[in-house]
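K.L.:
sequence and predicted structure, then a few things I'm wondering about:
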Amino acid sequence: MKVLKEYARLPLFAIGVFLYVSTLQIFAISSSTDSDLYFLINGGWKVLEQQHVPHMLFNTIHNGFHTIMQQWLMCVIDAVAYNTAGYL
């Protein structure tokens, strides 16, 4: 019980910093670039190039399929970040 009382004295700020740093370490260890990210970047380039959200599938072997690009805003953000940083 003495150990639990000592942990109860820890300020909430210190616990938050510990959780934040440990979360960053987890993402740093497992931060291999996913190939889906490049699909999203290309989708962002299409939106920026055409100035509207595409209604037809692209980058697939199937042509002419209608689609709704639900993640268009994230695609644009990813494309702008990629253009700014140069690589991911």
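P.N.:
Received it, and whenever you're ready, just let me know what you need. Keep in mind it's a predicted model, so treat the numbers as computed, not measured.

K.L.:
and L12, how far is that from F18?
P.N.:
11 Å (Cβ to Cβ, to the nearest Å). The C-beta positions use only the backbone N, C-alpha and C, and glycine is treated the same way.

K.L.:
next one: H55
P.N.:
47 Å.

K.L.:
ok, back up a step: out of L12 and F18, which sits in the busier spot?
P.N.:
Of the pair L12 and F18, F18 is the one with more neighbours under other Cβ atoms under 10 Å, namely 11 against 7.

K.L.:
in the protein, which helix or strand is least confident?
P.N.:
helix 2-8 (a mean of 58; mean pLDDT, DSSP states H and E).

K.L.:
which residues touch whichever strand or helix holds D78?
P.N.:
Element membership of D78 [criterion: DSSP states H and E] is helix 72-85. Under the contact criterion Cβ atoms under 8 Å, 6 or more residues apart in numbering, helix 72-85 has outside partners 37, 40-48, 53, 69, 88.

K.L.:
Throw the residues you listed into TSV and include secondary structure, neighbour count and pLDDT, thanks.
P.N.:
Converted to TSV, the contacts of helix 72-85 look like this (DSSP: H, G, I helix; E, B strand; the rest coil; neighbours: other Cβ atoms under 10 Å; pLDDT from 0 to 100):
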residue	secondary structure	neighbour count	pLDDT
L37	helix	12	79
L40	helix	19	84
I41	helix	20	85
N42	helix	16	88
G43	helix	22	89
G44	helix	24	90
W45	helix	17	91
K46	helix	19	90
V47	helix	18	91
L48	helix	13	92
V53	coil	16	88
M69	coil	18	85
L88	coil	12	54
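
K.L.:
could you work out the most separated pair of the residues you listed?
P.N.:
V53 and L88 (22.7 Å; Cβ to Cβ).

K.L.:
how about low-confidence regions in the chain?
P.N.:
1-10, 21-34, 86-88 (pLDDT under 70).

K.L.:
got the domain ranges for it?
P.N.:
Following automatic domain parsing, the chain resolves into domains at 1-31, 33-88.

K.L.:
name the stretch among these that sits most buried.
P.N.:
Of the domains of the chain, the one with the most neighbours on average (mean count of other Cβ atoms under 10 Å) is domain 33-88, at a mean of 13.
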